[in-house]
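Enquirer: Could you work out the structure for the sequence below:
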Amino acid sequence: MVGIFDSGIGGLTVVKEFKLKYPNISFIYLGDTARVPYGTRSPEIIKKFAEEDTKFLVSKKVELIVVACNTVSSLALGVVKKTSRVPVFGVIDPAVKKALMVTKNNKIGLVGTRATVNSKAYSEAIIKRHASMLVPLIEEGFIKGEEIDLFINKYFKDFKDQVDTLILGCTHYPIIKKEIGKYLGNSIKLIDPAVEVVDEISNLVKKTKHPKENYYLTDINQRFLETARMFLGEDISNKTEKISFK
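Expert: Now for the predicted structure:
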């Protein structure tokens, strides 16, 4: 059983890639939707939330944990590893490795939440921009159309003609990867952390004849379920349960 957690819906990018490559693997997804976004919080609060998320997954007896949140991966991965009794994987190292592998001119960009961009986690990036407003938009279900195109132009224009590789440093952003790619064109290689971290755990996941998937949210709302249905291509409402942290 694999445990995956994120501040909200963004971690479903990891879920989608996970289900694509390992359809016979059981997993639990935790989305802290009542407290999303994490990227605007202080480091102390992010570490507190990360510890609570980790304790919940450990209580479910998962065999490994994927931190599908760049903010936690950049500021609180040590807390997760200290709290967990099982192997922990963040999304930063796999994404950086891939970016360094594919760049042809060492001009790598990063777009992420304010907390991720202000951290020192992505020292390889020569251009860094935060796009914190994209997270609530995506959480609200704006994954295509004029509204999201407007903000893509606002946040991604500085990367045009400046980099050849761009790390999508928030797992929410790959949900709108097609729209971002359409805006930037084929000359910039997009690095999706979800793809890279799933490849990273390939040797540790265990197949089962009867795979199960469960989704735990700290707030269940229709917007999340509708966006999940559009992105995953399936209705997960009957697999979703609400939890709370005391």
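
Enquirer: Can you read off the backbone torsions of residue 19?
Expert: phi -70, psi -30 (degrees, to the nearest 10).

Enquirer: Can you pull the poorly scored residue ranges out of this structure?
Expert: Judged against pLDDT under 70, the chain has no low-scoring part.

Enquirer: List the contacts of the most centrally placed residue in it.
Expert: In the chain, the residue lying closest to the centroid (CA atoms, centre = their mean) is residue 171, at 2.4 Å. If you count contacts by CB atoms under 8 Å, 6 or more residues apart in numbering, residue 171 has them with 6, 10-11, 13-14, 68-70, 91, 193-194. Bear in mind the C-beta positions are built from the backbone N, C-alpha and C, glycine included.

Enquirer: Surely it is in a strand?
Expert: No: Residue 171 is assigned coil when assessed by DSSP: H, G, I helix; E, B strand; the rest coil, not a strand.

Enquirer: any idea which of the contacts of residue 171 has the most stuff around it?
Expert: When the contacts of residue 171 are compared by neighbour count (other CB atoms under 10 Å), residue 69 ends up highest, at 38 neighbours.

Enquirer: who's in contact with that residue?
Expert: 5-7, 10-11, 38, 91, 171.

Enquirer: Restricted to strands, list those.
Expert: 5-6 (DSSP state E).

Enquirer: now the contacts of residue 69 as JSON lines including distance to residue 83?
Expert: As requested, these are exported to JSON lines (distance: CB to CB, whole Å):
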{"residue": "5", "distance to residue 83": "12"}
{"residue": "6", "distance to residue 83": "16"}
{"residue": "7", "distance to residue 83": "17"}
{"residue": "10", "distance to residue 83": "21"}
{"residue": "11", "distance to residue 83": "18"}
{"residue": "38", "distance to residue 83": "16"}
{"residue": "91", "distance to residue 83": "18"}
{"residue": "171", "distance to residue 83": "20"}
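
Enquirer: With respect to residue 164, which of the contacts of residue 69 is nearest?
Expert: Using CB to CB, the shortest approach to residue 164 within the contacts of residue 69 belongs to residue 91, at 21.2 Å.

Enquirer: What strand or helix carries the residue nearest to residue 22 when sequence neighbours are not counted?
Expert: Among residues not flanking residue 22 along the chain, residue 205 sits closest, at 5.5 Å (CB to CB, 6 or more residues apart in numbering). Residue 205 is part of no helix or strand when elements are defined by DSSP states H and E.

Enquirer: ok, now how distant is residue 205 from residue 127?
Expert: 35 Å (CB to CB, to the nearest Å).

Enquirer: Counting neighbours, go ahead and name the busier of the two.
Expert: residue 205 (19 against 14).

Enquirer: Please enumerate the strands of the chain.
Expert: 2-6, 27-31, 64-67, 88-89, 108-112, 127-130, 165-169, 189-191, 213-217, 240-242.

Enquirer: ok, and what's touching the last one?
Expert: Okay, so that is strand 240-242. Contacts of strand 240-242 (CB under 8 Å, 6+ apart): 214-220, 225.

Enquirer: Noted, bye for now.
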